[in-house]
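S.K.: fold the following, please.
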Amino acid sequence: SKNYDMKKCLIYEDSTGYCRIVTATNSFKIEQESQENAIARFHETAIPEVCEFIAVSETRIPDDKSFRDAWKKGDKHDPIKVDFDKALQIHRQRLQEACEKKIAKLNIELELAVENQNLPEQVAIQRTKKILRTLHETNLSHCKTVDDIKKSVPKELYDVWTYYSMD
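M.R.: As a prediction, the model looks like this:
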């Protein structure tokens, strides 16, 4: 008999278009049962209301979940696809949030610069804050892949960036 230790999962999209993944437990397939019957039974138990789904080995699910909210149900060759435009939108939102964090940090530095009557530092901080307010609107047309998107984080935000590593 085939080794069925590999976990299976069902990939489908819910009514809002969000990509959902349901994973079976290791012990799902019963002895003497064909894989097709096991998957059919799993489908009936887990997501009976869904007609369109893909059953794949859990190892086919991407490890990189940076843009999990942009995932789409693919096909048997490429079970998870990334909606590029949605990934860009998510990245812009993250840039904006990181800019807001950075501005909050700069506000504290500005307060100190004012207390210390350090005019050059005050001017520099205010200029930086002005840039940060619209940084998320930056041109990202050079991005052709999700990896390109991940690499397009301005170094000024590295200290407040928490979404994916910058190495």
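
S.K.: on the three-state scheme, the nearest residue to Gln122 once chain neighbours are set aside is what?
M.R.: Spatial nearest neighbour of Gln122, excluding adjacent residues (CB to CB, 6 or more residues apart in numbering): Ala113 at 4.6 Å. In this view, the C-beta of every residue, glycine as well, is placed from N, C-alpha and C. Here Ala113 is recorded as helix under DSSP: H, G, I helix; E, B strand; the rest coil.

S.K.: so what's the most centrally placed residue in the chain up against?
M.R.: By CA atoms, centre = their mean, the mean C-alpha position of the chain lies nearest to Phe67, the distance being 1.8 Å. The contact partners of Phe67, taken as CB atoms under 8 Å, 6 or more residues apart in numbering, are 82, 86-87, 90-91, 146, 149.

S.K.: can you flag which of those residues belong to helices?
M.R.: Residues of the contacts of Phe67 located in helices (DSSP state H): 86-87, 90-91, 146, 149.

S.K.: thinking again about what came up before, the residue nearest to the centre of the chain: what's its closest spatial neighbour, skipping adjacent residues?
M.R.: Ala87 (4.3 Å).

S.K.: surely the one you found and Lys150 touch.
M.R.: No. Shown here, Ala87 and Lys150 do not form a contact pair, counting by CB atoms under 8 Å, at 9.1 Å.

S.K.: show me the shaky parts of this structure.
M.R.: Along the chain, the parts satisfying pLDDT under 70 run over 1-6, 26-27, 167.

S.K.: can you pull out the helices in it?
M.R.: So, for the chain - with DSSP H - the helices run 35-46, 84-115, 119-134, 146-151.

S.K.: how about a markdown table for those helices, with distance to Trp71 and mean neighbour count added?
M.R.: Listed next are the helices of the chain as a markdown table, based on distance: least, CB to CB, whole Å; neighbours: other CB atoms under 10 Å:
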| stretch | distance to Trp71 | mean neighbour count |
| --- | --- | --- |
| helix 35-46 | 18 | 14 |
| helix 84-115 | 9 | 16 |
| helix 119-134 | 29 | 14 |
| helix 146-151 | 11 | 16 |
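
S.K.: all good on my end, thank you.
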